[in-house]
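Student: Pasting a predicted model and its sequence here:
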Amino acid sequence: MAAGRLAAHALAEACLERVGAVDHAGAALRSVLSVDPTAPAQAAAADRRHRDGERSPLLGVPVLVKDNIDVGGQPTTAGSLALEGSLAPGDAPLVARLREAGAVILGKANLTEWANFMAEDMPSGYSALGGQTLNPYDASITPSGSSSGSAAAVAAGVAALAVGTETNGSILSPARHCSVVGVKPTVGLVSRRGIVPIAGSQDTAGPLARSVRDAAVLLGVLAGPDPGDPATAGAPVGVDYTA
């Protein structure tokens, strides 16, 4: 994109086509719970920023966000029928940071319903609203949870990057099962506001990507202080985690 050989809107359209081809049809991975209808407009805005000479590692890059994280104007459901159509009043701070960096919010990823705090025997990757997420490499193997949709979508090339959340293994385990890179940040590095909570002492959002470098770039955007989350008071700003 920086060299002008690929437009952000073309990349967004390709990702949306792949959602239709392998996620909702074809293999029916069910890794994507909903698509953001503003994604093409976001991508067009990123193209304008590119033409104005702006450069950022995430400018125009499609990102999926787990559906227990608020994206303004989009439902935040935690995969539950009880919250179907429940619109977020605004962006979670981590989503606001993604937008500032120029990322394109492609949509919301499926998850184990209520981040696997609904029942002890809940199948990993299953939600009443989104159905069962499949492991892209072998549908007979669990995608693991609860950020199963985020990991499976990245593994299948539905999106370049995804954001998951973890209380106890919910980023690291699906990353392992879907052969992608997951990082559970130190609690307090990434704002917890705008995320359906489980345990404040352990909850955190973090990146899922196909390479360590991509995960590090995404972490650098997500991390930072949030006045509304006291745990992030000492969070560093502008750290290059690719180093």
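Tutor: Received, thanks.
Student: what's the helix or strand where Val63 lies packed up against?
Tutor: Val63 is part of strand 62-66 when elements are defined by DSSP states H and E. Contact here means 3 or more CB pairs under 8 Å, 6 or more residues apart in numbering; DSSP states H and E; on that basis strand 62-66 packs against helix 8-18, helix 93-100, strand 104-109, helix 148-155, strand 161-166. Any C-beta I mention is one placed from the backbone N, CA and C, and that applies to glycine too.
Student: Return the list of strands paired to the third one, each annotated with direction.
Tutor: Each strand paired with strand 104-109, and its direction, by DSSP bridges: strand 32-35 (antiparallel), strand 62-66 (parallel).
Student: quick one on the thing from earlier: now the strand holding Val63: average pLDDT?
Tutor: For strand 62-66, mean pLDDT is 98.
Student: related to what we said a few turns ago, dump the helices and strands packed on strand 62-66 into a markdown table; add mean pLDDT as well.
Tutor: Shown next, in a markdown table, are these (pLDDT from 0 to 100):
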| stretch | mean pLDDT |
| --- | --- |
| helix 8-18 | 97 |
| helix 93-100 | 98 |
| strand 104-109 | 98 |
| helix 148-155 | 98 |
| strand 161-166 | 98 |
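Student: now the ones you listed in JSON lines, with mean neighbour count and distance to Gly194?
Tutor: Formatted as JSON lines, the helices and strands packed on strand 62-66 follow (neighbours: other CB atoms under 10 Å; distance: least, CB to CB, whole Å):
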{"stretch": "helix 8-18", "mean neighbour count": "19", "distance to Gly194": "23"}
{"stretch": "helix 93-100", "mean neighbour count": "21", "distance to Gly194": "6"}
{"stretch": "strand 104-109", "mean neighbour count": "28", "distance to Gly194": "13"}
{"stretch": "helix 148-155", "mean neighbour count": "33", "distance to Gly194": "16"}
{"stretch": "strand 161-166", "mean neighbour count": "28", "distance to Gly194": "11"}
